[in-house]
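Peer 1: Would you be able to build a 3D model of this:
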Amino acid sequence: MATIGDVARVAGVSRSTVSSVLTGRKYVAPATRSRIEGAIEQLNFTVNSGARALATSRTMTLGLIVNPSDTQHASTLALYLISLAERARSKGYLLTIFAGQDGVREIQRAYASKVVDGFLIMEVKEDDPRIALVRDAQIPAVSIGMPADATGIDAVDFDYFGAGRLAIERLHGQGATRLAFVCWPDLLYDVKATYAVRTREAVETTASELGISLDTFECASESREMRRLLQSLLDDGSYSGLVFHNDAAAPILGELLARSPRPNFPVTGLCPARVADEHWLPFETIDTRALGSTFAAVDLLVERLQKGGTPGKRLLLEPLLVPAHPSGH
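Peer 2: Reported below is the predicted structural model:
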């Protein structure tokens with residue numbers, strides 16, 4: 001098992017400098033900090049959280065507030081959870097998941113009990129009571145999602161509105177005049193989940209601006225229901241393209257198009273790049289930056305815990321196009 005001395009040797013610094021990075025008690029130049037963090041990751045160095053908590057009056061644990069539901073795509077949720085846990089570990093923190101339905105109560109209990117140092121909040125709503133709580137109570141937290149009122153909090157999000165606009169513009173450029181839009185179940189729009197609402201608003205607004213006829217289909221992430229819907233849309237010869245924002249659609253569409261009489265049917269959708277890579281999708285997608293947003297959120301929360309300062313930093317990640325796999329159309 002690697003020691004703090006091993007980390008210091010690989011990074012070319014003193015043990016005290018490594019300790020400063022781990023505890024956050026002293027300023028360390030960004031370049032030096034980066035070398036130390038790289039050595040920690042290379043050596044798979046694990047901090048003795050109990051000893052460190054005694055020395056710093058910290059738990060060295062981050063709390064993740066998430067409300068799993070049947071509307072979510074399981075593999076995408078797993079991608080977020082794993083990347084958050086791995087990033088936290090690389091920074092010397094453990095990640096504890098609080099998956100209760102009452103996020104406000106979960107935060108209050110965990111923070112009052114001093115079992116975590118700060119929170120990462122997922123599945124953010126436009127008017128999210130969890131965000132109001134951490135802002136009013138001045139609890140260290142980062143929102144993974146941009147609520148309607150993001151003043152006084154740290155927030156990281158993907159530009160879903162920009163991505164929805166880009167998706168329609170790409171299909172318009174391919175000559176699409178009538179589109180099918182496959183999106184999330186109605187529940188997510190009813191509760192105003194930011195990622196769902198903003199994408200849909202952008203898709204519908206941009207289609208209207210460009211004179212494109214658009215039919216919207218809300219669908220659960222359950223594979224059989226999704227397969228039936230997508231097959232019926234591909235069989236309907238009146239559509240000249242399809243846009244999706246529901247991660248369950250991506251691999252099923254790839255499979256259906258592989259044996260479809262319309263293999264060059266224009267498709268653009270929003271999903272994590274890892275989904276596109278794993279399934280060799282034969283159509284262009286827009287990366288929703290799962291890894292980028294989770295890494296940035298952990299980094300921002302750790303920075304806030306170690307250096308303090310006034311919350312209010314906002315980071316919006318831009319859309320990135322992922323080309324169709326070469327074996328596709």
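Peer 1: tell me the SS of Ile139?
Peer 2: Using DSSP: H, G, I helix; E, B strand; the rest coil as the criterion, the local structure at Ile139 reads coil.
Peer 1: Kindly report the same for Pro311.
Peer 2: coil.
Peer 1: What is the burial count for Leu81?
Peer 2: Per other C-beta atoms under 10 Å, the neighbour tally for Leu81 reads 18. In this view, the C-beta of every residue, glycine as well, is placed from N, C-alpha and C.
Peer 1: Distance of Val10 relative to Ile40?
Peer 2: Val10 is 9 Å from Ile40, where distance means C-beta to C-beta, to the nearest Å.
Peer 1: The two: which is more packed in?
Peer 2: Under the criterion of other C-beta under 10 Å, the comparison of Val10 against Ile40 puts Ile40 first, with 25 against 18.
Peer 1: which residue packs closest to that one, ignoring adjacent ones?
Peer 2: Val7 (5.7 Å; C-beta to C-beta, 6 or more residues apart in numbering).
Peer 1: Strands along the chain, start to end?
Peer 2: 61-65, 94-98, 118-121, 141-144, 154-158, 178-183, 213-218, 241-244, 267-271, 284-287, 314-317, 320-322 (DSSP state E).
Peer 1: Output those strands as JSON lines; include the columns distance to Val18.
Peer 2: Output for the strands of the chain, formatted as JSON lines (distance: least, C-beta to C-beta, whole Å):
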{"stretch": "strand 61-65", "distance to Val18": "20"}
{"stretch": "strand 94-98", "distance to Val18": "19"}
{"stretch": "strand 118-121", "distance to Val18": "22"}
{"stretch": "strand 141-144", "distance to Val18": "25"}
{"stretch": "strand 154-158", "distance to Val18": "26"}
{"stretch": "strand 178-183", "distance to Val18": "48"}
{"stretch": "strand 213-218", "distance to Val18": "51"}
{"stretch": "strand 241-244", "distance to Val18": "46"}
{"stretch": "strand 267-271", "distance to Val18": "39"}
{"stretch": "strand 284-287", "distance to Val18": "34"}
{"stretch": "strand 314-317", "distance to Val18": "28"}
{"stretch": "strand 320-322", "distance to Val18": "34"}
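Peer 1: and Ala296, which of those is closest to it?
Peer 2: Ala296 lies closest to strand 154-158 among the strands of the chain, at 4.7 Å (C-beta to C-beta).
Peer 1: For the chain, which helix or strand comes out least confident on mean pLDDT?
Peer 2: helix 49-56 (a mean of 44; mean pLDDT, DSSP states H and E).
Peer 1: Point out where this structure drops to low pLDDT.
Peer 2: 1, 23-26, 46-57, 68-72, 262-263, 327-329 (pLDDT under 70).
Peer 1: and with 80 instead?
Peer 2: 1-3, 19-27, 44-57, 68-74, 260-263, 326-329 (pLDDT under 80).
Peer 1: can you give me the helices in the stretch 101-250 of the chain?
Peer 2: Assigned by DSSP state H, counting those that start in this stretch, the stretch 101-250 of the chain shows helices spanning 103-112, 129-136, 160-173, 186-190, 194-209, 223-235, 249-258.
Peer 1: Output those helices in a markdown table; the columns should cover distance to Pro266 and mean neighbour count.
Peer 2: Shown next, in a markdown table, are those (distance: least, C-beta to C-beta, whole Å; neighbours: other C-beta atoms under 10 Å):
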| stretch | distance to Pro266 | mean neighbour count |
| --- | --- | --- |
| helix 103-112 | 39 | 17 |
| helix 129-136 | 38 | 19 |
| helix 160-173 | 6 | 22 |
| helix 186-190 | 25 | 15 |
| helix 194-209 | 14 | 20 |
| helix 223-235 | 12 | 16 |
| helix 249-258 | 11 | 21 |
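Peer 1: Compare those and report which one is nearest to Ala150.
Peer 2: So among these, helix 129-136 is nearest, using C-beta to C-beta, at 7.9 Å.
Peer 1: what packs against the closest one?
Peer 2: Other elements packing on helix 129-136 under the criterion 3 or more C-beta pairs under 8 Å, 6 or more residues apart in numbering; DSSP states H and E are helix 103-112, strand 118-121.
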